[in-house]
Structure formats: structure tokens, C-alpha cells
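Novice: no sequence on this one, just coordinates:
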């Protein structure tokens, strides 16, 4: 590792949240140059950091599957969970989870939920999201420091309630369940994760209550997720209650922390790069691309697992059946062979949308259209109101294995 400045050890502690907080970029550069399939012995896992390798694995679901675990904790605690994964313990046994189901069944499940993420569905969400952001930002007093992450946390929960068809007044309950699910990928003991799984299960009864409410209201033209599921068919029959609950639980919790990170990233990126803020104020056509660049630069979910189902090879590297591969998206999104000056935030970057923050292949994030829309609405609203964004204190990163975000991001907005 001596060839890369600041790197002094061949051991890369991928299970240690502090590794990601304390400048991992020189280590990732070494891995990409010298150990693109870095072997992490404690979990018998290869860590992939190059853009091409990660994309190539992601688009071959016939060889590399999700169903054997997507988090490091699925490997770490696999001997303590019988005939299942730690991820499965968070969800109802009679439902199928889209994210951990492999093709071809994955496509069947995805087909059922995607109308809730369609363009018409997003158009229906545009107004309530815009109204919420307008009220939220109008409450900010120019020149007075605020805790931006409070604002960044509120927006995705509100959007999730509208997306699913839940009462917007329940956002505090939804936030609680989202926080419990985040523990799945955290640096926690088995007992702590198991307790979080039990707490998360209380969400099931809440979803069932709202399914019954939506049945009574029954809008056959509704584009919220519960209406879509109640009107859909799977296997030539109505979608089972187990799957309705499963799909709603996943949608409610899975996107809130990642969108929160993106919204935090908007303020962090433009506070650190005021010239880019000036550029966008002069040219609003760059907003969509700027959101892609924020997502690339932040990469809210650092990495997920895939497991090989047979002996194979990836770009000359031999992989054995049962071998776990940890796809380090945050490293791929700063891969200098994929992005010029990859460490620089550039709202004009022409290939920003090639990032892997939403994954690739059949498991491409179902909610990416919603995330992009939320980001664009928020960024435009900030540009409408403020000439400058500045940090009002030291940002505090979230201490987590896979979450790239901030627990605190004090900021000041100038009119």
C-alpha cells in the first residue's frame, strides 16, 4: 500500500463505521489499483471497488443473487438464523421481499409494485411534496443557523406516506420504523438487531389497519401503493395480504434514510462549493444533473452483497460457488477510470447519471424516480429563496456501516 499516500495497512476494516468516516478514499484508490477483488478474511468476502466490476456483477442475477443476503450482518450472523437471513427476520414470513428475491420471480413482484412509481404516480405526488417543502423552507429565517438534517429527515417520511397511501399525520410513527430498519446494516450485536427486528414487526398491524381503510375507500384509479396492490393480480389471483404488507413495509422504510442523505448532500455539496451554487442560480437547466451529481458524490447506501451461485469469473477473477461479493458503490462512484476528477463535485458533469448509487441490473432502485423528483423540488425551492448556503458548524457523519449521511449538518441560508 505504500504507493498510495496516507495508506499504511493491508487490512481494510469494512465492518468498522469509523473506517468510512475517516477518509477511506486513499484506501479505495489502493484497492482499485492493487486489490480490486480485496479478500476480507473475517467474513470470507471479496470487496469490489471498481466501477466496471461492480456493474458487471450487478447485471448478472443468474450468477450473483440477492436471496442469500444483502448486508454484511447476513453473513456475520448466518449461523444464528436457521434457513433464513437476518434480513428476513425483519419481515413477515408469508410475504415476498422484492429486494431479496431473485429473477425470474423478482420481475413478477416488481411488475406488481411499479405502477406506484410510474410517471402518473409521480405527477400525483408532485403537489403534496412541493407544498410540504414550501411550508418547510418558508419557516427558515435567513441568516439564522438551522439543523438542516431535521428538515432532510422530515421530507422523505412525508413523501413515503403519500406514496403508500398512509395518513400524513403518522410521520413520527413511520420515522420510528424506518430507524429500526436501519439497524439491520448497523454495527450491532445479534441481540440488538434481533430486538430491532421484533420492534419493526409492529409495523405489520399498522399496515393491515391501513389496508382495511383503503379497501373501504376503494379508489380503483388510485396510484398510491396500497391502492395499486389492492387492484393488482399476482399469479392470476389477488395479491395476498402477506405480500401487500411486505411491499408496503419495504417501501415505507427503505427509501427514507437514503433520501435523507441525498437532501443532506444538497446542502453539504453546495455549501462546500459556492461557485456551483452561483452556476445553478444562473442556469436552472442544470438542476436535474446537479441532483445526479449529489447522489453520485454522497452515495447514500455504501454497499450491498451478492452471492455467487456457481463457479464463475469476473473480469479475470475466479469466483467460487457460495462466495460473497461486497459491492462498494461509494468507491465505484469515485473510480477515476469511470469519472474524470471523480472526487470533485461538478454539477455540470456530463456523465453524472452513470453513477451506481441506485444499483444496476434488475435490482435497480424502484424508487429512484421519486428520489430524483424530491431532490429536484428541494433544490429548486432552495434556489428560489436563497443566494448562499453556508455551514454553521462542523457536520457530524452518521456512524453506520452502510449509511453515508449526517446526524448533524448545521447550516445558514442567506436570502
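Specialist: Done, it's in. Bear in mind that the values here come from a model prediction, so they are computed numbers and not experimental data.
Novice: three-state assignment of the residue nearest the centre of the chain?
Specialist: Centroid check for the chain by CA atoms, centre = their mean gives residue 258 as the closest residue, at 3.9 Å. At residue 258 the chain is in helix, as set by DSSP: H, G, I helix; E, B strand; the rest coil.
Novice: next: the one 3 residues further on.
Specialist: Following three-state DSSP, residue 261 is assigned to helix.
Novice: and it, what does it touch?
Specialist: By CB atoms under 8 Å, 6 or more residues apart in numbering, the contact list for residue 261 reads 152, 298, 300, 403, 404, 405, 406. For every residue, glycine as well, the C-beta is placed using N, CA and C.
Novice: which of those fall in helices?
Specialist: 152, 298 (DSSP state H).
Novice: and the contacts of residue 261, which is closest to residue 88?
Specialist: Comparing those against residue 88 with CB to CB picks out residue 403 as the nearest, at 20.6 Å.
Novice: counting neighbours, what do you get for the closest one?
Specialist: Other residues near residue 403 come to 22 when the count uses other CB atoms under 10 Å.
Novice: how about the contacts made by the closest residue to residue 200 other than its chain neighbours?
Specialist: Excluding the flanking residues, the one nearest residue 200 by CB to CB, 6 or more residues apart in numbering is residue 180, at 4.4 Å. Contact analysis of residue 180 by CB under 8 Å, 6+ apart lists 196, 199, 200, 253.
Novice: nearest to residue 135 among these?
Specialist: For the contacts of residue 180, the nearest to residue 135 is residue 253 (24.4 Å; CB to CB).
Novice: pull out the buried residues from stretch 34-46.
Specialist: For stretch 34-46, the buried set under the neighbour-count rule, 16 or more other CB atoms under 10 Å, comprises 35, 36, 37, 38, 40, 43, 45, 46.
Novice: repeat that for stretch 300-319.
Specialist: Buried residues in stretch 300-319, counting neighbours by 16+ other CB under 10 Å, are found at 300-309, 312, 314, 319.
Novice: end-to-end on that stretch?
Specialist: 28 Å (CA to CA, to the nearest Å).
Novice: now do it, average pLDDT.
Specialist: Confidence for stretch 300-319, expressed as mean pLDDT, is 96.
Novice: related to what we said a few turns ago, among the buried residues of stretch 34-46, which ones are in strands?
Specialist: The strands, defined by DSSP state E, take in 37, 38, 40, 45, 46 from these.
Novice: now the residues you listed as CSV including distance to residue 289 and pLDDT?
Specialist: Below are these laid out as CSV (distance: CB to CB, whole Å; pLDDT from 0 to 100):
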residue, distance to residue 289, pLDDT
37, 32, 97
38, 32, 97
40, 35, 96
45, 35, 96
46, 33, 97
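Novice: all strands in the stretch 151-300 of the chain, in order from the N-terminus.
Specialist: Secondary structure of the stretch 151-300 of the chain (DSSP state E, counting those that start in this stretch): strands at 233-234, 237-238.
Novice: looking at these, which is buried most?
Specialist: Burial of these is given as mean neighbour count (mean count of other CB atoms under 10 Å); strand 233-234 ranks first at a mean of 12.
Novice: thinking again about what came up before, which one of the contacts of residue 261 sits closest to residue 396?
Specialist: residue 406 (6.1 Å).
Novice: and that closest one, how far from residue 263?
Specialist: Residue 406 is 10 Å from residue 263, where distance means CB to CB, to the nearest Å.
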